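Asks: The following comprises the amino acid sequence and a computationally predicted model.
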Amino acid sequence: MKFTLYIAGKYFWSKKRESRFLSFIKIMAIGGVAIGSAGLLIALSIVHGFKSTINEKIIGFAPHVTVNTFMNDPLLRADTLQTYLSDFPGVEEVQPVVMGQVMIQSAGGVSGTLIKGVPESGDVTHLRDYILEGAYDLSVQESDLPGLILGFDLARTIGAEVGDKITLFALEGLPTPFNTPEIQQFTLTGIYQTGIARFDDNFALTTSEPVRKLFGFDPQYASTMEINVSDPNQIEHIYGEIRDATEFPYVTESIYQRYRNIFAWIDLQEETIPLVISVMVIVAAFNLIGTVLMMVLERVKDIGILKTIGAKSRAIRQIFLLEGLFVALSGLITGIGISLLFYWLQVTYQIIPLSEENYYMSYAPVEPHLLDFIIVGAVTLLLCALASWLPARIAAQTDPVKVLSFGK
């Protein structure tokens with residue numbers, strides 16, 4: 001083994017005993033493996049980054065589990081239901097929420113939106129982590145008006161800024177002289193931005209009491225019950241327990257059901273993109289067949305001499321198999337270096353910007369996983385070894401008598 005490793009290393013690193021054409025072929029083979037492995041590692045890190053970022057935004061912004069009624073009627077005795085749901089293992093917090101569709105107006109424009117009223121103690125979600133301007137403050141302000149928080153896109157649509165007076169109109173049915181809208185004014189205290197359009201353009205948050213007044217809800221009524229769990233990995237399990245324990249007319253829904261289209265889009269990206277990029281690695285690996293064959297042809301006389309002095313066919317096969325693996329290993333190390341350089345550049349300078357409306361973020365996130373490097377490295381070396389085996393076998397079958405006779 002030491003002999004074959006020594007000869008293979010000499011052949012791979014020595015530039016004196018190979019033509020410029022062979023050197024060019026070898027460099028192209030190394031480059032092919034490097035680009036293929038780097039492309040796959042970069043694609044995997046971006047896909048993981050997309051999944052983690054969007055999951056974090058959705059799970060941080062929206063409640064993990066919700067309980068409604070079958071016909072979306074108000075929940076009666078919400079306080080009793082809240083106490084019952086709080087006793088489930090793994091449930092961190094439960095809050096009754098009052099919600100409804102309203103018209104929202106500021107000095108700069110008017111639009112429709114969904115108003116959400118939460119307890120004064122605060123929202124169970126992590127909306128406060130996404131405050132872009134102002135502060136997460138739902139208390140009554142110096143203007144004697146309750147605080148209101150809007151999404152960035154909605155605030156831009158109606159031309160509202162922090163500190164502005166905001167008016168909400170709630171109306172059931174068609175407006176008539178006998179059916180006038182309920183009106184409530186607020187002070188805009190904060191603007192949040194998640195980067196997900198459906199969250200940022202049609203959602204407003206305040207405390208429950210003014211929303212109850214808008215819609216005429218009884219103090220014990222709620223539109224829905226929102227639940228957050230202590231461990232996000234247990235969302236589906238806890239959802240199943242609550243669903244089985246709550247009977248008609250209650251309907252339980254998990255966050256993965258409510259936003260199934262976004263999660264399905266993430267899963268599609270995770271399944272298809274690495275598969276497509278993997279073709280680059282396969283093509284680069286099988287390009288080694290031609291490269292190692294060229295190495296064999298360049299060193300036919302050497303093979304004849306090695307066999308004449310007693311080298312066995314197995315040793316010859318190992319020499320060229322190792323040379324193919326050296327090419328693969330060089331390309332793989334280069335590819336890993338390229339992927340790590342890309343990771344640093346993207347994190348530091350965001351060299352790949354994205355349309356936030358389409359991708360829910362302003363730049364491509366990257367999240368490299370150690371397991372990806374291990375799997376990509378192992379698969380690349382395995383494919384390159386398989387590709388190098390055929391030309392190495394041809395080299396092992398070379399007849400030294402014919403080779404030396406041909407050389408004369």
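Replies: Received it, and whenever you're ready, just let me know what you need. Since the model is a prediction, treat every value here as computed from it, not as a measurement. Residues are numbered from 1 along each chain as shown.

Asks: Residue 389 versus residue 12, what's the distance?
Replies: From residue 12 over to residue 389 the distance is 17 Å, taken as CB to CB, to the nearest Å. Any C-beta I mention is one placed from the backbone N, CA and C, and that applies to glycine too.

Asks: my bad, residue 180
Replies: Distance from residue 180 to residue 389, by CB to CB: 84 Å.

Asks: of the two, who's got more company?
Replies: Taking residue 180 and residue 389 together and counting by other CB atoms under 10 Å, residue 389 has the greater number of neighbours (17 against 10).

Asks: With adjacent residues omitted, what lies nearest to the more buried one?
Replies: residue 321 (6.3 Å; CB to CB, 6 or more residues apart in numbering).

Asks: Surely the one you found forms part of a strand?
Replies: No - according to DSSP: H, G, I helix; E, B strand; the rest coil, residue 321 belongs to no strand; its state is helix.

Asks: Over to residue 196: give its phi and psi.
Replies: Backbone torsions of residue 196, given as degrees, to the nearest 10, read phi -100, psi 120.

Asks: Need the per-residue pLDDT for the closest residue to it other than its chain neighbours.
Replies: In space, residue 196 comes closest to residue 360 once its chain neighbours are excluded; the distance is 4.6 Å by CB to CB, 6+ apart. Listed pLDDT for residue 360 reads 75.

Asks: From residue 266, how far off is residue 360?
Replies: 10 Å.

Asks: These two: which is more packed in?
Replies: residue 360 (23 against 18).

Asks: List the residues that contact the more buried one.
Replies: By CB atoms under 8 Å, 6 or more residues apart in numbering, the contact set of residue 360 is 53, 54, 57, 194, 195, 196, 197, 262.

Asks: so what secondary structure elements neighbour the longest helix anywhere in the chain?
Replies: In the chain, with assignment by DSSP state H, the single longest helix is helix 20-61. Here helix 20-61 is seen to pack against helix 260-286, helix 288-298, helix 313-349, helix 370-396 when contacts are counted using 3 or more CB pairs under 8 Å, 6 or more residues apart in numbering; DSSP states H and E.

Asks: Let me have the ones you listed in CSV, extended by distance to residue 364.
Replies: Compiled in CSV, the helices and strands packed on helix 20-61 are given as follows (distance: least, CB to CB, whole Å):
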stretch, distance to residue 364
helix 260-286, 12
helix 288-298, 31
helix 313-349, 6
helix 370-396, 16
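
Asks: Among those helices, single out whichever gets nearest to residue 114.
Replies: Closest approach to residue 114 among those (CB to CB): helix 260-286, 17.5 Å.

Asks: low-confidence ranges in the stretch 101-250 of the chain?
Replies: Scanning the stretch 101-250 of the chain for pLDDT under 70 picks out 172-179.

Asks: The same query, at a cut-off of 80, please.
Replies: Along the stretch 101-250 of the chain, the model assigns pLDDT under 80 to residues 121-122, 171-180.

Asks: Just the strands from it, written as ranges.
Replies: 109-118, 131-134, 147-151, 165-170, 182-192, 203-207, 224-229, 250-254 (DSSP state E, counting those that start in this stretch).

Asks: mind putting those strands in JSON lines, distance to residue 355 and mean neighbour count included?
Replies: Formatted as JSON lines, these follow (distance: least, CB to CB, whole Å; neighbours: other CB atoms under 10 Å):
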{"stretch": "strand 109-118", "distance to residue 355": "22", "mean neighbour count": "18"}
{"stretch": "strand 131-134", "distance to residue 355": "18", "mean neighbour count": "16"}
{"stretch": "strand 147-151", "distance to residue 355": "18", "mean neighbour count": "27"}
{"stretch": "strand 165-170", "distance to residue 355": "29", "mean neighbour count": "19"}
{"stretch": "strand 182-192", "distance to residue 355": "20", "mean neighbour count": "20"}
{"stretch": "strand 203-207", "distance to residue 355": "21", "mean neighbour count": "22"}
{"stretch": "strand 224-229", "distance to residue 355": "31", "mean neighbour count": "24"}
{"stretch": "strand 250-254", "distance to residue 355": "29", "mean neighbour count": "18"}
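
Asks: of all these, which lies closest to residue 30?
Replies: Going by CB to CB, the one of the strands of the stretch 101-250 of the chain nearest residue 30 is strand 131-134, 46.9 Å.

Asks: Packing partners of the closest one?
Replies: Packed next to strand 131-134, using 3+ CB pairs under 8 Å, 6+ apart, are strand 182-192.

Asks: Just checking the distance from the strand it packs on to the centre of its chain.
Replies: 33 Å (CA atoms, centre = their mean, to the nearest Å).

Asks: partners of that strand in the sheet?
Replies: strand 131-134 (antiparallel), strand 147-151 (parallel), strand 165-170 (antiparallel) (DSSP bridges).

Asks: Which segments of the chain make up each domain?
Replies: 2-58+263-407, 63-258 (automatic domain parsing).

Asks: can you pull the buried residues of stretch 375-382?
Replies: By neighbour count on 16 or more other CB atoms under 10 Å, the buried set for stretch 375-382 is 376, 377, 379, 380, 381.

Asks: Was I right to think residue 229 contacts residue 90?
Replies: Yes - with contact defined as CB atoms under 8 Å, residue 229 counts as touching residue 90 (5.2 Å).
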